[in-house]
Structures are given as C-alpha cells and as structure tokens.
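1. Quick one, structure for this:
(chains A and B)
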There are 2 protein chains.
Amino acid sequence: MALIVQKYGGSSVGNLDRIHHVAKKIMSAKSAGHEIVVVVSAMYGETDRLIQLANALTQSPEPREFDILIATGEQVSMALLSMALNANNCPARSFTGPQIGIQTDDIHTKARILEVDTTVIKRELKEGRVVIVAGFQGINERGDVTTLGRGGSDTTAVAIAAALKADECQIYTDVDGVYTTDPHLIPEARLLPQISFEEMLEMASLGAKVLQMRSVELASKHNMPIRVLSTFSDGPGTLVTFEDKIMHKRLVSGIAFSREEAILSLSGVPRKLGTEGLILGKVSEAHIEIDMIAQNATAQDTVDFTFTVHRKEYPKALKIVEDLAIQLGANTVKTNSRVAKLSLVGIGMRSHTGVASTMFRSLGEAGINIQMITTSEIKISVIVDETHLEQGVRAVHSAFELDKLPHVPEKMSIE
Amino acid sequence: MALIVQKYGGSSVGNLDRIHHVAKKIMSAKSAGHEIVVVVSAMYGETDRLIQLANALTQSPEPREFDILIATGEQVSMALLSMALNANNCPARSFTGPQIGIQTDDIHTKARILEVDTTVIKRELKEGRVVIVAGFQGINERGDVTTLGRGGSDTTAVAIAAALKADECQIYTDVDGVYTTDPHLIPEARLLPQISFEEMLEMASLGAKVLQMRSVELASKHNMPIRVLSTFSDGPGTLVTFEDKIMHKRLVSGIAFSREEAILSLSGVPRKLGTEGLILGKVSEAHIEIDMIAQNATAQDTVDFTFTVHRKEYPKALKIVEDLAIQLGANTVKTNSRVAKLSLVGIGMRSHTGVASTMFRSLGEAGINIQMITTSEIKISVIVDETHLEQGVRAVHSAFELDKLPHVPEKMSIE
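-> Numbers count the residues shown, from 1 in each chain, chains lettered A, B, ... in the order given. Next up, the predicted model:
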C-alpha cells in the first residue's frame, strides 16, 4: 500500500466522458490498495473562458477579483470528479485550495505556495475516502483566494505530495512521458523510463510541454519522485527522480531543441575591464532576455563576444549591438536571425569525457556547421543554422544510440 | 447616511453590460453617502448550466459536491461585479458565503442560515469599500459549502441586513415592485408604495414572483424593511414593512390568484369523530399537498367536506376521494378540475367589517358563482370557475377602487 498523489490536467477532465474515465483510473489505483489524493485542473478551455469574461469586462481586472473568478474553474472540475466517484460507490470528497489550507504569499495571479496543511487530507484518507483537491489555487494570510499561474496544478500536486511525504506524485497528461527528443521531429525517439531532476530541468524546452518547471524544482528540493504518464493510454510513463535512484544509467538522456533563436556576435572588441557587463547591461535594459553567452579571447588585445536571444527580440537586439560596436570600437558585427539551438542533456557526461567530441563529430559528419557552443555540467548546447536542425538532432540522436535505447519496462515503484 | 444592503438577481447581472449597469447603480448609492453591501445571484442561466452538467454526469449527484459545484455561479458574478466597480475607481471587494462566515445547517441544497458573521463586512465598510457577497451559499459546521435552494440570494440579503442592522434591504429585480394584482391580467393594476409583511406573505402567489417567501418571513422576524425595486428603471418600488409603519393605510392591498386549481367535495358524509383527519390523512399519505379546506355542517347528521389541490394532483386525489366516499358512506362526490382561486388581501379588513360582503356582491353582480370560500384574518379566498377568473379579479379590483389608488410617491426612507 502506498500513498499516491495523482494530478489530472485540463484535457484529462475536458468533458464528462473523460471525467468518468479519470474516475475509473482513480478507482483502479484505490482497488490496488493505495491511498489516493487527486489534484485537478479546470476543464480544458474553462480558464480561458473566465479570463476572456474578465478581459471583456475591463482592461485591467483587479487581481484579487481575477483570482477568485478563475479559481472557480478547478472548483467545478473537482466537484464533478468527486460526483463521478461517489456515483460509482467510491467515497470521495473535493476541497478547494482554501478549504485544504494551501497557504500562499499574496502575489495574486502568480502566488507561491508557502505551506500545505495536511490535517483535512489525512482525516479524509483515514476515513477511506479519495481526496480531491482543486489545483492552481490557495489562500493568502488575509483569507483571499490566490492562484499560482499557468501550470500551477503541477505545483499544487508536488507541494501536497511533499507535505504528505507521499510515495509518488503522478502527473497525468496527454503524452506518454518524456522522450529522448521530440517524437514529432524524430519518430525514432524513445520514451525514457527514468530521468533525473537535473536532466529534466535542463531539458526545459522538451519538458515544459510535459511538466511545469517550478514543480520540478519543488519536487527536486523535497526529494519527491514525479511520474509523468498518459491519462489516455496505459504504460509506466517516465519517472523523474534523484540521480542515485536512476537504474540503467545512460551517458546522455535526450536532446532538447528550440527553433526560434537568433545569434549576435561582436568580434574584435578591444579588451577592457567591464566590457562584457556593459554589453549585457545594454541588452537587459531593453528588457531582452539573453539565452546563451560565449566569449572567446583568441587575439591578444581583443575579444569576441556572442550571445543568443529569442528571435522576436532580434531587431531590437541588433540595433543595440550596432550601437555598441561603434561605442566599443569592435571590428565586425555578425548576426543571424535564422538559427536554432540543439542541447544534449545527460548526467552521464559528468563522469565521461568524449561526449562533446562525439556530438561535434556527428554534426560535422552530417555537414553541419556549429556557430556557437556553450556547456554546463550536464548539457552541451550548440547553435546551428535553422535548416540544419532536424538533420542535426537525428545525427546526434543516432550517434548516442538513443533510438536503440533498450526499453526496460521498469516495475512501477509503487507496486 | 444609511447602511443599505442591495441584492441583484440573476437577470440583473445576466451579461457584462448589465453588470456595468449594476455597478453604476451601486456607485450612485455610494456617492449619495451610503454604506453599501451587495448580494448577487449567479448570472442568468449559469446555475441551470451547472445543474445540467451535474445531471448529465450522474443521475443522483452527491449533495455535498453538488453544492460546491453550483456555488461557483455566484462566485463568478460577485468577482465580475467587483472588477467592474474597481475599474471605475470604486473600491470594492467580493466574498463568498464561506469567506464572510454565513453559517448554515448542513442540509445540502436547501440549507438554512444559522448565523452571519459581520466582522469582515464591517472591516471592509470601515475601509470605505463596497462589500459584495455571493448570495445563495454558506458554510456548515464542518467547513463544507452549502446552498440555500432557489431564491436563496434574497434570504442571504435579508440575513446580512438583519445581522448588520441595516437601514434597508433593497431587492433589485426585473419588476417595478408589488402590484395590486397581476398587471398582465389587469392593466389597471397599480404599484403599491408599501405593503405589510403579513400581506406580502398572504399574497404569496403574486409575491413569489418578486420575493422568496422565506426571506419575507426572515425580514418580518427581524423587523427588517425590504424594498422591492427594478434594476432597469427608476422608481421607489414597493416597501415591505411592519404594519405600524404603513402610511396611507388601505382597506385591502391587492388581489392574488392562481389558475391551476382543482376542487373536490364529499357531501353527506355521516358525522363521526375523526372523519376529517381520516380524509386528510389519506390525501397526504399520497404526498398530495392540500391548499384550501372548508367544511360545512348544514345537516344534523352529515357534513360536507371540500378541499382544493393543485390541478396536476387531481387524478390521484379523485381516486382517493371516490374510495373514501364508499368507505365513509358519503352521499355524493362533486369535483371540478377547471377552477381558479382568487384571494383578496388586506390588513385593513381586520378592523373593518363589510369587506367580504363587498367582495361577494361584486362577484355576484358580475354573474360569477362562488364554489368555495375560506377566510383568514387578512385574506378572503374564493374558488370560481376558471373561465371567470379574469372577470372576477377585475370586478373585485374595481369594487375596492384598487385601480383608483392614489399614487402617493412616498419619499424613500433612506434619503
């Protein structure tokens, strides 16, 4: 018997048939002898409907009132799910965030959870009920309803699981789990049975479609394993857990990528203390978020400085770089607004050398020019021409045999 | 300066334009220097939508979950109204029933209010805000959300007004107030500037379209004057208040009526102790609600027993009466399923004789046969043939000069 927190997203409870389907999944876990706490999102489209209502009423809705308005979305789905369970003789009770006592700070529309009171949940579990909790919402010190921002239900689930010291936090969604890379781009992509928290965070561009990053951080902080799995198909999904719990350790886990990148380089900038700070300062003053940064010092007296931004910021960034080139006396400005980022992620590369060289060689053999490289402990990112992205991902994916990953159907840890 | 509780019904906040309109009405009362507490219903149609959702999911929704589901209707409208006020620089805050502390018993879907905590309302009023409260809902001892049943928002408003010792409880609706009779039937009907609680309760068939009867009882018990007035037109409406506050006392106030009646008579029932109890017992065992009851004892040894029921219960009641006639040895059974009830209501008739004779004479002069009569202290009800209803109401309305009622535009008591 285990204590499991399950979270079902908006598409999982998108209509009444799906709510019945989710009820059946919950009942089957209950029949297996587990204690179940369920966190639900609003029915698909409902939060947007409420936001549109508020925006149609006034241009800048009062945040306190906005929160108590959109919190009704989860209140509806939790009540319906509880009804569906009770109608099938599975005792259940639903609770709003405030009713459970999910204490947050008072930053309306993007509150952070400070504390979860487990009294009510424990009482209900003891009485043999399934406990259903509205995701995405809490209550501040003043007694006002707050919401956690998009994807907040994942965070609710992890926070409750951590507070209860649950055995596992299961995030049910409309994908099977986390893949070695996007299977829409590379059909050979394989489902990862396990991945570490660090890798999951580094895979953000892939992972963000599956899990809200704040919830991964929270889970990592509280050592709470998360299992990502599909509401609509059976399968073990992907277990996101600590590094030392990972079985069948691999050198690399996956390849993340993003298309909408732009690269800007200043070369031959006369070497001078504080130049880098000056460049970055100008860019961030314009509220442009910088992604990758690299600096080479090949020459004696000059440096080359390169960074990337989201493509939509490119025109603004270009203007700044051109001004800076004059101000700093740089030789040349070289930019490209049609590039993509490709990141290889794996905790295995910490202890193994040669990962970078294998990666670069496979790209080279595919005839792909690398325009920029940055590395962190468990990630190597390169910038390539946008038109080379798919071919590059395929080459690296194959070089590390990610497509040949033996699928080890791991026993679900909760059984 | 007065403390006013205003209640706006579902059609008053039926869409975003109407919510803006209601916000303007609130702001104008606030500008006049009053402290305002507003109780809102769900947007028109929303409660029905939620009920349909629950019923589509399961045949018998769990009442606790049903309540927390439908309570979202008022939570949406209160938040939107508060946003509209804040957007117009009128500080406002909305609160659910549980947030305010509207304590109820735990009879889900038709809970009764036990106590209203005024702490939060008083704090917010003191800080100069308009306080908006979700009608129709409360919280039981266990912390669960309860709802008060259809029309419950009126009760919420009166309960809050009573707890605050407000100066007036204004019920905004889509009619101008209470009329001497239904203006759809008798266009000469006049708006009543004032009516007593007792008359309002006796006028139920008219009044129920305007005010929930439980809220009138509650207002009467707590001596809380209610003003019924229109959201969509200006005018003083009708003040429902205690008898001794009524100015321009009139003999009678109005004529209520209902069409869907059926009458059943047993005549020549041998006189025997407990016969009436036996008859009524059989009828109520069949869950048929009896409206009027009359018994005559014209003969020495037999009695005539007559009662009315709602027309839809007629076939069931007829069967029972026919069985009873045999069992009790009654002479004849006389029934009519096409009758209507006409009730004259007025506190003035307590101290004036001759009201009944004027009423009966006017009906007689109109050639209308009276099939049954019952009286209470301030009401005389007669049963007439359905086809005579309109003519009968017109005759009595005119006999008491209700159509000539001098319209005394009374000063609003809150000004």
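
2. Tell me the residues of chain A that contact chain B?
-> A:16, A:19-20, A:50, A:53-54, A:56-62, A:64-66, A:68-69, A:71-72, A:75-76, A:78-80, A:82-84, A:86-87, A:93-94, A:96, A:98-99, A:120, A:143 (CB under 8 Å from any CB of the partner chain). From N, CA and C alone the C-beta is placed, and that goes for glycine too.

3. Which ones among these map onto strands?
-> A:93-94 (DSSP state E).

4. Keeping just the C-alphas, turn stretch A:246-259 into PDB.
-> Written as PDB, here are the backbone C-alpha positions of stretch A:246-259 (Å, rounded to 0.1, in the frame of the first residue of the first chain):
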ATOM      1  CA  ILE A 246      18.300   6.000 -11.600                       C
ATOM      2  CA  MET A 247      18.800   2.500 -12.800                       C
ATOM      3  CA  HIS A 248      20.400   1.700 -16.100                       C
ATOM      4  CA  LYS A 249      22.300   4.900 -16.200                       C
ATOM      5  CA  ARG A 250      23.000   6.300 -19.600                       C
ATOM      6  CA  LEU A 251      25.600   8.600 -20.900                       C
ATOM      7  CA  VAL A 252      23.000  11.000 -22.200                       C
ATOM      8  CA  SER A 253      19.200  11.100 -21.800                       C
ATOM      9  CA  GLY A 254      17.900  13.300 -24.500                       C
ATOM     10  CA  ILE A 255      18.100  16.100 -27.000                       C
ATOM     11  CA  ALA A 256      16.200  19.300 -26.400                       C
ATOM     12  CA  PHE A 257      16.000  21.900 -29.100                       C
ATOM     13  CA  SER A 258      14.300  25.300 -29.800                       C
ATOM     14  CA  ARG A 259      13.800  26.900 -33.200                       C
END
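
5. what comes up buried for that stretch?
-> A:246, A:250-258 (16 or more other CB atoms under 10 Å in any protein chain shown).

6. from these, which is closest to chain B?
-> The closest of those to chain B turns out to be residue A:258 (CB to the nearest CB; 36.6 Å).

7. If you average pLDDT per helix and strand, which one of chain A comes out bottom?
-> Using mean pLDDT, DSSP states H and E, helix A:204-207 stands out as the lowest-scoring helix or strand of chain A, at a mean of 62.

8. Could you list the low-pLDDT ranges of the stretch 151-300 of chain A?
-> A:205-209, A:247-248 (pLDDT under 70).

9. tell me the domain boundaries of chain A?
-> Domain assignment for chain A by automatic domain parsing gives A:3-174, A:255-403.

10. The stretch 251-400 of chain A: strands as residue ranges?
-> Ranges of strands within the stretch 251-400 of chain A are A:254-270, A:290-296, A:302-310, A:332-345, A:372-376, A:379-385, based on DSSP state E, counting those that start in this stretch.

11. mind listing what's buried in stretch A:160-173?
-> A:160-164, A:166-173.

12. Output the residue of the stretch 101-250 of chain A whose distance to chain B is smallest.
-> Closest point on the stretch 101-250 of chain A to chain B, by CB to the nearest CB, is residue A:143, at 6.2 Å.

13. CA atoms only: put stretch A:310-327 into PDB for me.
-> Output in PDB follows, covering the C-alpha atoms of stretch A:310-327 (Å, rounded to 0.1, in the frame of the first residue of the first chain):
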ATOM      1  CA  HIS A 310      14.600  34.800 -28.800                       C
ATOM      2  CA  ARG A 311      14.000  35.600 -32.500                       C
ATOM      3  CA  LYS A 312      11.200  38.100 -31.800                       C
ATOM      4  CA  GLU A 313      13.800  40.200 -29.900                       C
ATOM      5  CA  TYR A 314      16.200  40.200 -32.800                       C
ATOM      6  CA  PRO A 315      15.500  43.600 -34.400                       C
ATOM      7  CA  LYS A 316      15.800  45.400 -31.000                       C
ATOM      8  CA  ALA A 317      19.000  43.500 -30.100                       C
ATOM      9  CA  LEU A 318      20.500  44.200 -33.500                       C
ATOM     10  CA  LYS A 319      20.100  47.900 -33.000                       C
ATOM     11  CA  ILE A 320      21.800  47.700 -29.600                       C
ATOM     12  CA  VAL A 321      24.700  45.600 -30.900                       C
ATOM     13  CA  GLU A 322      25.300  48.000 -33.800                       C
ATOM     14  CA  ASP A 323      25.400  51.000 -31.400                       C
ATOM     15  CA  LEU A 324      27.800  49.000 -29.100                       C
ATOM     16  CA  ALA A 325      30.100  48.100 -31.900                       C
ATOM     17  CA  ILE A 326      30.700  51.800 -32.600                       C
ATOM     18  CA  GLN A 327      30.900  52.700 -28.900                       C
END
